[in-house]
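Undergrad: Predicted model follows, preceded by the sequence.
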Amino acid sequence: MSDSPDTNPINRRSFLKLAGATAAVGATAVEALNALVEKAAASVATEARGTPSFPTPGYDWTKHRWAFGVDSNLCAGCLACVEACKLENGVPKDPHHFRTWVERYVYLEGEQSPRVDSEANAGDIAASNARFVEPYRYDDRYADKKLEKSFFVPKLCNHCSRPPCVQVCPVGATYRTEDGVVLIDQDYCIGCRYCVQACPYGARYFNEQLGVADKCTWCYHRITKGLKPACVEVCCHGARVFGDLNDPESDISRFLRDNRVEVLKPEIGTHPNVYYVGIDKDVR
Amino acid sequence: MIGLFHVPWFDASPFNGYVYPNETILPWSGLIVVYPYITGLVAGAFIASSFYHVFGMRQFRPVARFALLTAFSFMVFVPVPLLLHLGNPERAFEAMITPHWSSAFAAFSFAASFYVIILMLEIWFAFRVDAVALGKKSRGFWKMFYGVLTLGSDDVSENALYYDHRWARGLAIIGIPSATLLHGYVGFVFGSLKSREWWSTDLQPLIFLLSAVVSGVALLIFLYIVASWLRRTPVDEACLRGLARALLWFLVLVVAIEGLEYLTMFYRSQEGITAIKELIRGPILVPFSIQWAFSLLALILLASVVVFRPNGPDLVPVALVAAVLVLIEVFAMRWNVVIGGQELSKTMRGVLSYSPPLLGRDGIATLVLILGAPFVFLSILVWVFPPWEPAPRRETKPAPGRLAPVLSVESDN
Amino acid sequence: MPKHVVRLLVLLAAFAVIAIAAKIYFVPRSYWVYGDYRAKSVSEIASDAPMYRGSKYCQSCHHREFSEWSTGVHRIMRMDGRRVGVICEDCHGPAGRHPLVGKPPLVAKDTHERLMDARYNLVTGKMRVPKNSLALCPQCHQKIAGRPAMMPQVVMSVHAGKQQCIACHNPHTPGIVFPAVAKEMLAGLPATGKAASTQCAACHGASGTSISPAFPNLAGQHRAYLVAALEDYKTGKRKSAIMNAVAKPLKKRDISNLAAYFASLPRQTPTTPEVTASTDARKAQEEACQNCHGGNGVSQFASVPDLAGQKEAYLANALNAYHTGARRESLMSRVAHYLTTTDIKELAAYYAHLSAAAKTPLPRHAEVRPNER
């Protein structure tokens, strides 16, 4: 809504004139008008497509296809990524709003199903509500138990090729870019939370202060400048891999070549673009 | 410095098992329970009014116009919980200017507006003659008021009435599918989400639709009995019995289909069944019990109306109790769907338990206010447009193949 | 058509026209450029400023730390196609607009409370220097369930107690700094020792000052002496029914920690006035004791105990034990052999009432036993 009128080939006055003219035509002109609107939009489209530096200078979004890899074998659960994400993107600091988070799966001897911990389990995580100097931390509450196996699984938005969240947005405030990133237009989001419901991975949350939905953008403001997402940047263990599928020598291309990967909840047809290595049957 | 202090502007729900951390704040609160509930009442009341207006069942004539007003006064408040629930309500109009058609919500604003217009037009045609008569009787502000309402036309000629009949009939015929779609679509809003095991069923639109009709008819029974008691007029027995019978058959359908739905769910025993059982045993135990106990109780009461055919003094309390039971039962069902669905984690390995706050935007107080407002609005409407019509004389029958007269020219105004 | 129906249709038409005009007016111009969304929002999102700037950014000013880091195990390495290593901002927080002191220019979005909150550390423009390494390092190196085995990890409370990690490790290149370790690790960890000292406190007092005249004070005693004593009790070289049983299960690390703890406590100063010993006893003290135990009862040697303010009965018992041969030590056995019962009594009383704090203690020598000098 903040578009400046000078970028607009058809200004408001002429639209209003058009509208005024249609008043004479009457209600039967509805169809014709809708066609006009689409035509006008199309003309704007041609103009914008002609601009070479869209969306950022020196970046052509048709030349990239981003993807993300997670190697659960390497994740040490240090939560540096969670902290970095919160700082990089202004995510609320409480343990109920995450763009990315890390789950811990613990199989105890003699138990059928794993115990799954996450930061939301505030009672179980020391300093879960602490400020920057005391970041989220996993405790060792299984110190006196016998473990069969245990591992960490980093989670984030899967940037699905068929995103259910985009499907359900009533106003088009969330969309998938041409380089394969699902973004939220927070200046346009009405805050209905339908997308939060629709995400099968719990990757979206509602930002109560802004009244809009929020989620991981793969740090779109970083990757369009040639940087890596903040969580990948700070990962000390090489558990997070990010790159361009169009570049065969990128980290993610190598990751996909070198490993047998899987995705989360493949059965629901979302076609995720976050690929996992080393996760277990119980990981959802 | 703001950041140093934690301001709790959300309520996180406690949970058992494995849930995604973002899930601990339920996206949809009690407001979204109230929304399908009110929508259901609207759809139900409208369909009840069309028993007479479209299908020409003359026994429903005493409540036909009242049902229209009921539907309208509840419809006016349908957007309230939705707007209150939005993070940025001032942007709600975006859903109309740039609707994203793949979303089930995008169509809502259009469907609802369309339905409101249909409803307003139908009421306008149904009450136009009354408004003209009232305008002639009154003076000052009220004369102007009725003048605006009648669009400055006091034409009640034979020709004008003929037009009115044709329009009213046409609108009612459009209205029924609109009402049906409007509510079936609310079911679709929930049923179409593959992320939620508890919602994701093909039967969801049908369940919502049928329970909507049930709740609307029950509301009409309740309001009719209460209004008659307030007006100190006897309840029309044939009308009430007809309503009770309609309620019974729709309730039978609802119970049967919901029962089948649960049977299928438990028989299939897919991945989430353990968590579903935990959900029913835990967070939604009370509303779930209410839903089923009250449905069955209402079924028994209504069946007794059909079997024993009680008259006047016995019929009224039985119908009233059954109606109230159904109203509560449908609300519990809405709660179980909307809140219950979110209390079952998307991981299908954990269960959350949501408890609504007392005050605040999502508070119980707000819900009560929203649910109470339509009743206030309805009483104002009834005061401005008295909808009551005398019971039809037994010997008159609607002309075959023609629409029953919508208006009662011979009525006491 | 009747008048009212015509008017109604006109009304509806007017409504439709207004609605469509409103739609055209309010639709954002870049909507539908690429799809059902505002194309401009893409560039809006992409134009946000990155907060994490990478280690290269830090290098331009912090050369020394950067070169330390880039040769150590925390440096960035390419392993199997992955980037492994701890970057500056992992511990120091995002650089953001770091060198910029004072409030950075606010963009419209920054006025939101959420950003002020989240970037609180960034707004000040100062680099975070973690003060509590014991809260930071365990983030990766604490041994907990789920952490892969290849990750170097320790149980912090056992490994270092309350000791800061940076006492032995340089966080920029965290191999072990051996000189520092030798000193610190041999010294034992007072904090850990304190945690293990509850059993000792029963006799030797919580503050290391004994509750009974027969049990020695431990507070402020030489650490090396305490280590030797405990080791002797452990091996049975020195005999005491209680202490042999207590010392038996102690490990070398425990002994070292306990000794460090009691050595770190302040020595109790006797409140009673000093007593004068008889000529014989004074002669013995002047000729024999003070060579090792110091003129004021404070020894110069780490392995020789301080005597000033020690419990009288304990001192007497110890001398008696040396005298009778129940306790053996090459030098002490010889000295005690010539002492009379009166001498022992007087010497014990003399040292017990001697205030060590009153006189300046001599500088302590290295850990060399006096008879090896």
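TA: Perfect, thanks for sending it.
Undergrad: out of everything not next to it in sequence, what's closest to residue 254?
TA: Picked chain A for this. In space, and not counting its chain neighbours, A:Arg254 is closest to C:Gly81: 4.3 Å by Cβ to Cβ, 6 or more residues apart in numbering or on different chains. All C-beta atoms are positioned from the backbone trio N, CA, C, and that covers glycine.
Undergrad: other chain: chain C
TA: Leaving aside its chain neighbours, C:Asp254 sits nearest to C:Ala196 (5.9 Å; criterion: Cβ to Cβ, 6+ apart).
Undergrad: now do B:Trp198
TA: B:Gly341 (4.0 Å).
Undergrad: thought the one you found was touching B:Arg196?
TA: Yes - between B:Gly341 and B:Arg196 there is a contact at 4.9 Å, judged by Cβ atoms under 8 Å.
Undergrad: list residues touching both of these two?
TA: B:Phe190 (Cβ atoms under 8 Å, 6 or more residues apart in numbering or on different chains).
Undergrad: what about the residue lying closest to A:His271 once chain neighbours are set aside, distance to chain C?
TA: Once flanking residues are discounted, A:His271 sits nearest to A:Ser161: 3.7 Å by Cβ to Cβ, 6+ apart. Note on A:Ser161: its distance to chain C, by Cβ to the nearest Cβ, to the nearest Å, is 14 Å.
Undergrad: that's a helix at A:Ser161, yeah?
TA: No - going by DSSP: H, G, I helix; E, B strand; the rest coil, the assignment for A:Ser161 is coil, not a helix.
Undergrad: neighbours around it, how many?
TA: Residues near A:Ser161, counting by other Cβ atoms under 10 Å in any protein chain shown, number 13.
Undergrad: for B:Met144, same thing?
TA: Here the number of neighbours of B:Met144 (other Cβ under 10 Å) works out to 12.
Undergrad: mind listing the strands for chain C?
TA: C:77-79, C:82-84 (DSSP state E).
Undergrad: and the residue of the stretch 201-350 of chain C nearest chain A?
TA: C:Arg253 (19.6 Å; Cβ to the nearest Cβ).
Undergrad: quick one: contacts for the residue nearest to that residue when sequence neighbours are not counted?
TA: Once flanking residues are discounted, C:Arg253 sits nearest to C:Gly188: 7.7 Å by Cβ to Cβ, 6+ apart. By Cβ under 8 Å, 6+ apart, the contact list for C:Gly188 reads C:Arg223, C:Val227, C:Arg253, C:Ile255, C:Ser256, C:Asn257, C:Leu258, C:Ala259, C:Ala260, C:Tyr261.
Undergrad: Mind doing that once more with 6 Å?
TA: Contacts for C:Gly188 were tallied using Cβ atoms under 6 Å, 6 or more residues apart in numbering or on different chains; they are C:Ser256, C:Asn257, C:Ala259, C:Ala260.
Undergrad: what about residue 160, how many neighbours?
TA: No chain was given, so I picked chain A. Using other Cβ under 10 Å as the criterion, A:Cys160 is surrounded by 27 other residues.
Undergrad: wait, I meant chain B there
TA: By other Cβ under 10 Å, the residues close to B:Ala160 number 20.
Undergrad: just C:Ala326 next, same as before
TA: Around C:Ala326 there are 12 other residues, counting by other Cβ under 10 Å.
Undergrad: C:Tyr314 versus the residue nearest to it when sequence neighbours are not counted, what's the distance?
TA: When the adjacent residues along the chain are set aside, C:Ala326 lies closest to C:Lys239, with 7.0 Å between them (Cβ to Cβ, 6+ apart). Noted for C:Lys239: a distance of 15 Å to C:Tyr314, by Cβ to Cβ, to the nearest Å.
Undergrad: Have a look at these two and say which one is more surrounded.
TA: C:Tyr314 (18 against 13).
Undergrad: my guess is that one contacts C:Pro216, does it?
TA: Yes - contact criterion Cβ atoms under 6 Å: C:Tyr314 and C:Pro216 qualify, at 4.5 Å.
Undergrad: As a check, name the ranges of all strands in the chain.
TA: Looking at chain A here, since you left the chain open. For chain A, the strands defined by DSSP E cover A:55-56, A:59-60, A:66-71, A:100-108, A:115-117, A:147-156, A:174-176, A:182-184, A:205-207, A:212-214, A:240-244, A:274-277.
Undergrad: not what I meant, chain B
TA: For chain B, the strands defined by DSSP E cover B:15-18, B:349-352.
Undergrad: Could I get the CA-only coordinates of the last one as CSV?
TA: So that's strand B:349-352. What follows is strand B:349-352, C-alpha atoms only, in CSV (Å, rounded to 0.1, in the frame of the first residue of the first chain):
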residue,chain,number,x,y,z
ARG,B,349,2.5,-37.6,19.1
GLY,B,350,1.3,-35.0,21.6
VAL,B,351,-1.7,-33.2,23.0
LEU,B,352,-2.0,-29.7,24.1
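Undergrad: Please list the residues of the stretch 151-300 of chain B that sit near chain C.
TA: Taking Cβ under 6 Å from any Cβ of the partner chain as the contact definition, the stretch 151-300 of chain B meets chain C at B:Leu151, B:Ser153, B:Asp155, B:Ala160, B:Tyr163.
Undergrad: Could you identify which of those has the most neighbours?
TA: In terms of neighbours by other Cβ under 10 Å, those top out with B:Ala160 at 20 neighbours.
Undergrad: Not counting its neighbours along the chain, what's nearest that one?
TA: Leaving aside its sequence neighbours, B:Ala160 is closest to C:Pro2 (4.2 Å, by Cβ to Cβ, 6+ apart).
Undergrad: Number of residues surrounding the one you found?
TA: Using other Cβ under 10 Å, C:Pro2 has 17 other residues around it.
Undergrad: ditto for B:Gly282
TA: Neighbour count of B:Gly282, defined by other Cβ under 10 Å: 14.
Undergrad: Roughly how far does it sit from chain A?
TA: Distance from B:Gly282 to chain A, counting by Cβ to the nearest Cβ: 17 Å.
Undergrad: next one: B:Pro387
TA: Remark: distance between B:Pro387 and chain A (Cβ to the nearest Cβ) = 30 Å.
Undergrad: Report pLDDT for that residue.
TA: If you check B:Pro387, the pLDDT there is 87.
Undergrad: Hmm, it is touching B:Arg65, no?
TA: Yes - in this structure, B:Pro387 is within contact of B:Arg65 by Cβ under 6 Å, at 3.8 Å.
Undergrad: who has more neighbours, those two?
TA: Neighbours were counted for B:Pro387 and for B:Arg65 using other Cβ under 10 Å; B:Arg65 has more, 27 against 20.
Undergrad: Which residue does the stretch 151-284 of chain A have closest to chain C?
TA: Of all residues in the stretch 151-284 of chain A, A:Gly238 sits closest to chain C, at 3.0 Å by Cβ to the nearest Cβ.
Undergrad: just the helices in the stretch 151-300 of chain B please.
TA: B:158-191, B:204-231, B:237-268, B:273-281, B:285-308 (DSSP state H, counting those that start in this stretch).
Undergrad: Could you single out the most deeply buried of those?
TA: Burial of the helices of the stretch 151-300 of chain B is given as mean neighbour count (mean count of other Cβ atoms under 10 Å in any protein chain shown); helix B:204-231 ranks first at a mean of 23.
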